[in-house]
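Undergrad: one predicted model, sequence on top.
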Amino acid sequence: MKKPRQSLSSLFLNKVPAAESEHIRHLEEIQKTHEGRPFHFDDGNLRIMYLNPKCMQSAMKLDAPDELVCAYSRTVMGLLMFHPQPRHILLIGLGGGSLVKYCYRHLPDSRITVLEINADVIAMRDLFMLPQDDERLKVIHCDAVTHLQINTYDADVLLLDAYDENGLVADLNTAEFYAICHANLKADGIMVANVWGKPSALAGMLSRLRQQFARQVNWARSPDSYNLIVYAIKGVLNQADENAVKALSDQHPGLQFSELKENLLSLPLSAEYSSTEKELLALKQSLATIMVPDANVPQNYADWKKQVGE
């Protein structure tokens, strides 16, 4: 009899180690003092933002605040393979500002606009060493859906990295919102989304993005988690060649462009996938090749801390 495949959710249902239980209890005590609001936790050289004790939002090294600690954020910056010199970056979801700080420091010709709905998150920006608003950076407290219905941007890059205490924000992952994002991009712009969920839900999301972006969509899984990073290109797909990838790697030594380029997935532009049903089936099959149990994904806080180092 064939052994049943282990589901992703079962990976997190193992008995919690005593140290992990103690860590969560400590976080719960901190949360009580913040009355349910987002809070931070310092552990040696690490400063971490939590939306709740089981939802880590951001991580920063105190001695290297601009470093991208989490691999998913480094994968997001794979956007440079498609748009190496963005002039305006529109980011939905501030969190601890890891992506903001990296772009502000390493893309000096870029202007950055951030839309963040949670005032408590914005209030923590000094704790996470974000630069103050200036001619290059502006953080706006707003509901992104409402804001983008009233205000129009002409962004080169739109980064969708929005989570709340319940996880992925459903209102920001609909066909209607993707159409709004598409309208706020330049003709050669790119939207990058950091998402997670069951393969069936992710397949639906990819299908909606493929419809909105004329099927110019690529995706890859983060090396250290089950986050899916999606690159949706408006206009003609223009992916970096081998020489451009090498140049990007020299400019951004902390990012693994070559590995990412090898791991990018997509569906060919074919009439075979003109049927939504056939497209969804093909997308589920594609996701099944990467959304599998992975020993490299940390199972608890101690494993994660060991992996990111201090």
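TA: Now that the structure is in, tell me what you want to look at.
Undergrad: which residues of the chain score low on pLDDT?
TA: 1-16, 164-168, 271, 274, 310 (pLDDT under 70).
Undergrad: residue nearest the centroid of it?
TA: N194 (3.0 Å; CA atoms, centre = their mean).
Undergrad: what residues are up against it?
TA: By CB atoms under 8 Å, 6 or more residues apart in numbering, the contact set of N194 is 72, 76, 159-161, 227-229. Using the backbone N, CA and C atoms, a C-beta is placed for each residue, glycine as well.
Undergrad: just Y50 next, same as before
TA: By CB under 8 Å, 6+ apart, the neighbours of Y50 are 27, 30-31, 38-41, 56-57.
Undergrad: for the closest residue in space to F213 that isn't next to it in sequence, pull up the helix or strand it's in.
TA: Leaving aside its sequence neighbours, F213 sits nearest to A232 (CB to CB, 6 or more residues apart in numbering; 4.2 Å). Assessed by DSSP states H and E, A232 sits inside strand 228-233.
Undergrad: picking up where we left off before, so which bits of the helix or strand hosting the residue nearest to the centre of the chain are buried?
TA: Element membership for N194, per DSSP H and E: strand 185-195. By neighbour count with 16 or more other CB atoms under 10 Å, strand 185-195 contains the buried residues 185-186, 189-195.
Undergrad: just stretch 72-86 next, same as before
TA: Of the residues in stretch 72-86, those buried by neighbour count under the rule 16+ other CB under 10 Å are 72-83, 86.
Undergrad: re the thing from before, what angle separates the strand holding N194 from strand 228-233?
TA: In terms of direction (axes from the mean of the first three to the mean of the last three CA atoms, to 10 degrees), strand 185-195 departs from strand 228-233 by 170 degrees.
Undergrad: tell me where the stretch 1-150 of the chain has helices.
TA: Under the criterion DSSP state H, counting those that start in this stretch, the stretch 1-150 of the chain carries helices at the ranges 18-33, 71-76, 98-106, 119-122, 144-150.
Undergrad: identify all residues paired with the residue nearest to F213 through a beta bridge.
TA: Bridge pairing for A232 (DSSP bridges) gives the partners M191, V217.
Undergrad: how close does it sit to Q216?
TA: 7 Å (CB to CB, to the nearest Å).
Undergrad: between those two, which is the more surrounded one?
TA: A count of neighbours by other CB atoms under 10 Å puts A232 above the other of A232 and Q216, at 28 against 20.
Undergrad: could you measure from the more buried one over to M124?
TA: For A232 relative to M124 (CB to CB), the value is 30 Å.
Undergrad: likewise A220?
TA: Distance from A220 to M124, by CB to CB: 29 Å.
Undergrad: list the residues that contact the closest residue to V169 other than its chain neighbours.
TA: Closest residue to V169 apart from its sequence neighbours, by CB to CB, 6+ apart: A162 at 4.8 Å. Applying CB under 8 Å, 6+ apart, we find A162 in contact with 92-93, 117, 144, 168-169, 172.
Undergrad: on that earlier part again, closest one of the contacts of N194 to M49?
TA: Of all the contacts of N194, M49 sits closest to D161, with 13.0 Å by CB to CB.
Undergrad: wait, that closest one touches I89, no?
TA: No. With contacts defined as CB atoms under 8 Å, D161 does not count as touching I89, sitting 11.6 Å away.
Undergrad: for the spatially closest residue to D171 that is not a sequence neighbour, what are its contacts?
TA: Distances taken as CB to CB, 6+ apart place V145 nearest to D171, at 5.7 Å, with adjacent residues excluded. Contact partners of V145, counting by CB under 8 Å, 6+ apart, are 171-172, 177, 180.
Undergrad: would you list the buried entries among those residues?
TA: 172, 177, 180.
Undergrad: how near is the first one to M49?
TA: Meaning L172. 19 Å.
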